[in-house]
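J.: I'd like to go over a predicted model; first the sequence, then the structure.
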Amino acid sequence: MKIKTIVKVMNFHSLLHVDAARRISEKYIRMESEVSRIIDLIINNRNFILDKLALKVNENAPELNIYIGSDYAFCGGMNASVNAAIAEDEDAEKIVVGKKLRRSAPNTVLFMNRDGLDKEYERVADILEDSLTNQRHSAVNVVYNHYYYSGSIGMRRRRIYPIVLTGEAENFYTEDFSVEGSAEELLLALCSAYVGYELKIAATNSFAAENVMRQNATTESLKKIDEREAETRVLEAKIKKQASFRRLLDSYVKKSFYGG
């Protein structure tokens, strides 16, 4: 059946996309870890006279939530959970990513399709940079469906700013360094990069989750197609057997009638 071939192709592509998402996520995690270490080193540098308020947030400002959905089939449940979160967060400013998510939610500052996060990321980056530099938000959160493992996917709300520093730099810190220019500007630029990597990690994880959902759905569809095909074969065999029996019975009746 043609439909079975299409579903098999979708199933196979979903598996490939999960593996690709894992590799991309690992790359962003390494980059995020390195940026976090550099931020830690700058904060703990004795030569820098930093205004620690540069990393503070305005507690009275609204939160900025970034919602990530799926633009493709077999992910209606995932989008429904994210849409429910959008409806609940009336006061938060919103970046909504996914054409099947709520476009007209209150306080939406940016709406884009899922692939827009990759192709037009600078639009999101500008909002994040302005948020951090001018302390426009009390927090930045990303809301998405998180892939834990193949049998566990659930909506997650993750705070990606303010940055929670590990303090590891204090343990291995052995020497100071200096830079030309403003250390605070460098620090804010690094924080913007860190938040961007956190967002990309969440987006990549969400992509893995939607493909796991799609793979599970297509696998279930293939099972149902196979069951239906098996039922059809049984029914065809039954009809064929009945037809054969009917021909045999007709032949017997004719022979009996004509005395053959």
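T.: Thanks, I have the structure now.

J.: give me the mean pLDDT for the strand or helix carrying Ile201.
T.: In this structure, Ile201 is located in helix 183-258 according to DSSP states H and E. When pLDDT is averaged along helix 183-258, the result is 78.

J.: hang on, Asn60 packs against Ala139?
T.: No. When contacts are counted by Cβ atoms under 8 Å, Asn60 is not listed as touching Ala139 (12.0 Å). C-beta here means a position set from N, CA and C on the backbone, and glycine is covered the same way.

J.: neighbour count: those two, which is higher?
T.: Set side by side, Asn60 and Ala139 show more neighbours around Ala139, with 17 against 7, by other Cβ atoms under 10 Å.

J.: is it true that the more buried one touches Val57?
T.: Yes. Using Cβ under 8 Å, Ala139 makes contact with Val57 at a distance of 6.6 Å.

J.: got any residues that touch both of those two?
T.: A shared contact of Ala139 and Val57, defined by Cβ atoms under 8 Å, 6 or more residues apart in numbering, is any residue touching both; here these are 161-162.

J.: show me what contacts the residue most central in space within the chain?
T.: Of all residues in the chain, the one closest to the mean position by Cα atoms, centre = their mean is Ser206, 1.1 Å from it. Contacts were defined as Cβ under 8 Å, 6+ apart; by that measure Ser206 touches 68, 70, 144-147.

J.: give me that answer again for 10 Å
T.: Contacts of Ser206 were listed using Cβ atoms under 10 Å, 6 or more residues apart in numbering, and they are 21, 68-70, 75, 78, 82, 97-98, 114, 117, 142-147, 153, 155-156.

J.: can you check Ala139 too?
T.: Remark: with contacts taken as Cβ under 10 Å, 6+ apart, Ala139 is in contact with 57, 59, 61-65, 92, 131, 159-162.

J.: next up, phi/psi of it, please.
T.: The main-chain torsion angles of Ala139 are listed as degrees, to the nearest 10 and equal phi -170, psi 160.

J.: then Pro162?
T.: Per-residue torsions, Pro162: phi -60, psi 150 (degrees, to the nearest 10).

J.: go on, Asn145?
T.: On the backbone of Asn145 - angles per degrees, to the nearest 10 - the values are phi -90, psi 120.

J.: isn't it right next to Met155, touching?
T.: Yes. Taking contacts as Cβ atoms under 10 Å, Asn145 lies within contact range of Met155: 5.4 Å.

J.: from the contacts of Ala139, pick the one nearest Glu236.
T.: Of all those, Glu236 sits closest to Asn65, with 55.4 Å by Cβ to Cβ.

J.: for Gly77, which non-adjacent residue is closest in space?
T.: Nearest non-adjacent residue to Gly77, counting by Cβ to Cβ, 6 or more residues apart in numbering: Met213, 7.4 Å away.

J.: state the number of residues packed around the one you found.
T.: The tally of other residues near Met213 (other Cβ under 10 Å) stands at 21.

J.: how near is it to Glu122?
T.: Between Met213 and Glu122 the distance, using Cβ to Cβ, to the nearest Å, works out to 29 Å.

J.: now Met112
T.: Relative to Glu122, Met112 is positioned 12 Å away (criterion: Cβ to Cβ).

J.: the two: which is more packed in?
T.: Met112 (17 against 9).

J.: distance check, Tyr194 against Arg156.
T.: Counting by Cβ to Cβ, the gap from Tyr194 to Arg156 is 19 Å.

J.: settle it for me: which of the two has more neighbours?
T.: The neighbour count for Tyr194 versus Arg156, taken as other Cβ under 10 Å, is higher for Tyr194 (22 against 17).

J.: if I read this right, the more buried one contacts Glu129, doesn't it?
T.: No. If you go by Cβ under 10 Å, Tyr194 and Glu129 don't touch, sitting 11.9 Å apart.
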